[in-house]
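S.K.: from the sequence below, what's the structure:
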Amino acid sequence: ADFNYGADEYDAEGNEEPKALPEGSETMPYIDESPTMSPQLSARGQESGDGVSPTPTDGLGTGGERDAGKGLEMRKLVLSGFLASEEIYINQLEALLLPMKPLKATATTSQPVLTLQQIETIFYKIQDIYEIHKEFYDSLCPKVQQWDSNVTMGHLFQKLASQLGVYKAFVDNYKIALETAEKCSQSNYQFQKISEELKVKGPKDSKESHTSVTMEALLYKPIDRVTRSTLVLHDLLKHTPADHPDYPLLQDALRISQNFLSSINEDIDPRRTAVTTPKGETRQLIKDGFLVELSEGSRKLRHVFLFTDVLLCAKLKKTAVGKHQQYDCKWYVPLADLVFPSPEESEHCPQVHVIPDHELEDMKMKISAIKSEVQKEKANKGQSRAIERLKKKMFENEFWLLLNSPAIPFRIHNRNGKSYLFLLSSDYERSEWREAIQRLQKKDLQAFVLSSVELQVLTGSCFKLRTVHNIPVTSNKDDDESPGLYGFLHVIVHSAKGFKQSANLYCTLEVDSFGYFVSKAKTRVFRDTTEPQWNEEFEIELEGSQSLRILCYEKCYDKTKLNKDNNEIVDKIMGKGQIQLDPQAVQTKNWHMDVIEMNGIKVEFSMKFTSRDMSLKRTPSKKQTGVFGVKISVVTKRERSKVPYIVRQCIEEVEKRGIEEVGIYRISGVATDIQALKAVFDANNKDILVMLSDMDINAIAGTLKLYFRELPEPLLTDRLYPAFMEGIALSDPAAKENCMMHLLRSLPDPNLITFLFLLEHLKRVAEKEPINKMSLHNLATVFGPTLLRPSEGESKAHLTLASDIWSHDVMAQVQVLLYYLQHPPISFTELKRNTLYFSTDV
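M.R.: Numbers count the residues shown, from 1 in each chain. Okay, here's the model as predicted:
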């Protein structure tokens, strides 16, 4: 998808000091009026997370609603989200108008800051737009607050749409307004100071009283707003019954808005064209975005531009402050000469050096810790310089992550010789680039060579034409943007239909975190069918996520196509789709069913979300039979065993047939399988062994993790938790060794024996790291919080921000387990005999 958060100046080599430029420091982007989730949706349409969810499920219609009550509830959710963003928008307009009066007052004095003509140009139509939206907000707010089935508000949206003429005038003047503001800033220091820091009031229920935004960014907001309003109308219509009095009014408002967007796009369109093709046709920019290129063995961040007949790879040149920024062309390939090498042809291509997972996880931890510090500084009204320093550090770390995490190869070959290799983190994105290029290649294209002047003109046009302005890192996001969801998304992939012929089919799920998408789960392959019925449930951890993508593949079993490169995905994408994770719609206790349509294929799925603080709770079992949620001492006593039967059996099965499974313990097992195993162990069913031998190995690994997660207190106990946290923080190795061994000795016997048993197993899993890709660090990341996280009563004291808890405590929990995993073998008898010279209290 096209990201554009907020650091205009970046260094593709990763070594220039990044300097964040204001959002919207561009002439107008192309606005896509189609209210779908296509990645071309307005250059900024998806960006401000105001809680509105444009889902691409037109097919559901009003008939798809389970009942009128649900439709009514959805309308209220959509409207509440829109109302909140409308309040932010009104505050932004107010902030823009604030300096206008004093500027006008000085204009007639002997020392004017700006002339009346300049003021009129810069603030043109802002007052009118403000009044229109203030009236709309004041009329809509009471209706949403006193919500019931009889509420009508279609007339308000119809009236709002009928006043779009004011926006037309604003759009026509927008470019001149920006240029005037820029010139005045350069020539007048006083105005520059004013326009650099306009104070926008925070929403009523927000802790933050004000945020600082540039005038340039605020002048962009009205353009963004029209797209947003159109999307909301689309969502409202979807959840309004056809016989509701609002329906025709909303339809009318949507028609007017879409026509308006089309008309302003026609005005803007010439700006997207640049020089002509060899046939004399206008060359247009079709798609652009940031990609990581593997060049001369190192990773470089490039801005890639796809024009009608050429793919151009560029980097932003370093420029002196105040100078116009420009791109430097690294290479270009005419589409007539561009081919995608098949896996067997790419043998000679450079191998991808993959950064170990634990290094990426470490960096994520660091970023989360810095995020927490930023939040704390803001909460304590900290110095802006300290916050800026933290943000700069966060940007550097996120930039590193963006550069080093992608591992899926996207190879481009020029028929006349050279090959290029990009690395992407998402197969969805790779297929979007490939499809966009292949669509253009269907036309009659000619090969050509650009003269140096033509190349200069084309590269020069990139800066004006680009639709993606900023590197997709979260540190560049506006404060009023949604931070995304932190916690666990439960997704059931039910079924799919619409396939023309039988095939071996499976789905993968991707979510975004830290600014890029990663694949998080995969269904089993349903063989030889046109209507696969997977009905598989997955638990996906979200780290500031805003979107869910589903990709449907046909499995390739052809041995000749399977490439040696681990990250090469040779299976064919049959369809793909994306939905926004709207916090208001997702955060209900009930399952929310949805359909994604893709290339004529419909995939049915359900989802629900558990926030991180909810998922951190350990709930003791009410029953004392069974094993889940029951104290480990009770279970081992009942079984007359040293290690619970469930732990021994799961570990034995994993060692028998899962120790070489890629991503064992990291990849989610199917939730329904895990629940079935849980029930069998709880009932102490005699068929356990048969069931274990038939069950998917990831489900068995998931059952073991669930057992430890559901213990009423962690395996390493609540009582010792603070001491483990202090022990791991010691810097003297001898003191740390003494303390950490003493803490183990202080554990109750069943806990200690089980922990040592698990420890040896995890070490054996890590020995197979070259095959299963699970290092000690990966295993510590998976199991650390599961074995150490305090139970409900204990963790109350630690709870602050969801992302906060995660970063500081989890980092330490991972380090504790990693310490023991990296330690030479520890035996129970040695430990007990070796009481050392250490005091007995912890």
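S.K.: please count neighbours and contacts with C-alpha atoms only from this point.
M.R.: Fine.
S.K.: please name the residues that touch the most centrally placed residue in the chain.
M.R.: Nearest to the geometric centre of the chain sits residue 512, at 2.3 Å (C-alpha atoms, centre = their mean). By C-alpha atoms under 8 Å, 6 or more residues apart in numbering, the contact list for residue 512 reads 518, 543-548.
S.K.: closest to residue 641 among these?
M.R.: Nearest to residue 641 among the contacts of residue 512 is residue 543, at 39.3 Å by C-alpha to C-alpha.
S.K.: sec struct for the closest one, please.
M.R.: Taken by DSSP: H, G, I helix; E, B strand; the rest coil, the conformation at residue 543 corresponds to strand.
S.K.: so how far is residue 188 from it?
M.R.: Distance, residue 543 to residue 188, using C-alpha to C-alpha, to the nearest Å: 44 Å.
S.K.: and if you look at residue 534?
M.R.: In this view, residue 534 and residue 188 are 65 Å apart by C-alpha to C-alpha.
S.K.: which one of those two has more residues nearby?
M.R.: More crowded of residue 534 and residue 188, by other C-alpha atoms under 10 Å: residue 534, with 19 against 13.
S.K.: surely that one is in a strand?
M.R.: Yes. Counting by three-state DSSP, residue 534 is located in a strand.
S.K.: surely it is in contact with residue 524?
M.R.: Yes. Using C-alpha atoms under 8 Å, residue 534 is in contact with residue 524, at 7.3 Å.
S.K.: now do the helices in the stretch 701-842 of the chain.
M.R.: Secondary structure of the stretch 701-842 of the chain, counting by DSSP state H, counting those that start in this stretch: helices at 721-729, 733-745, 749-767, 769-772, 776-788, 792-795, 802-822, 828-833.
S.K.: helix 776-788 and the first one, what's the angle between them?
M.R.: Put plainly, it is helix 721-729. Between helix 721-729 and helix 776-788, the angle comes out at 160 degrees (axes from the mean of the first three to the mean of the last three C-alpha atoms, to 10 degrees).
S.K.: which helices and strands sit right next to helix 721-729?
M.R.: Packing contacts for helix 721-729, counted by 3 or more C-alpha pairs under 8 Å, 6 or more residues apart in numbering; DSSP states H and E, involve helix 733-745, helix 802-822.
S.K.: can you give me the buried ones in it?
M.R.: Neighbour-count burial for helix 721-729, counted by 16 or more other C-alpha atoms under 10 Å, picks out 721, 724-725, 727-728.
S.K.: just stretch 688-701 next, same as before
M.R.: In terms of neighbour count (16+ other C-alpha under 10 Å), stretch 688-701 has its buried residues at 692, 696-701.
S.K.: can I get those in JSON lines with distance to residue 833, pLDDT and secondary structure?
M.R.: Output for the buried residues of stretch 688-701, formatted as JSON lines (distance: C-alpha to C-alpha, whole Å; pLDDT from 0 to 100; DSSP: H, G, I helix; E, B strand; the rest coil):
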{"residue": "692", "distance to residue 833": "38", "pLDDT": "91", "secondary structure": "helix"}
{"residue": "696", "distance to residue 833": "41", "pLDDT": "91", "secondary structure": "coil"}
{"residue": "697", "distance to residue 833": "38", "pLDDT": "94", "secondary structure": "helix"}
{"residue": "698", "distance to residue 833": "38", "pLDDT": "91", "secondary structure": "helix"}
{"residue": "699", "distance to residue 833": "38", "pLDDT": "92", "secondary structure": "helix"}
{"residue": "700", "distance to residue 833": "35", "pLDDT": "95", "secondary structure": "helix"}
{"residue": "701", "distance to residue 833": "33", "pLDDT": "95", "secondary structure": "helix"}
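S.K.: with just CA atoms, put stretch 668-676 into PDB.
M.R.: Only the C-alpha atoms of stretch 668-676 are listed here, as PDB (Å, rounded to 0.1, in the frame of the first residue of the first chain):
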ATOM      1  CA  SER A 668       0.100 -19.900  15.200                       C
ATOM      2  CA  GLY A 669      -1.600 -23.300  15.300                       C
ATOM      3  CA  VAL A 670      -5.200 -23.500  14.300                       C
ATOM      4  CA  ALA A 671      -7.200 -22.300  17.400                       C
ATOM      5  CA  THR A 672      -9.900 -24.900  17.000                       C
ATOM      6  CA  ASP A 673      -7.300 -27.700  17.000                       C
ATOM      7  CA  ILE A 674      -5.700 -26.200  20.100                       C
ATOM      8  CA  GLN A 675      -9.100 -26.000  21.900                       C
ATOM      9  CA  ALA A 676      -9.800 -29.600  21.000                       C
END
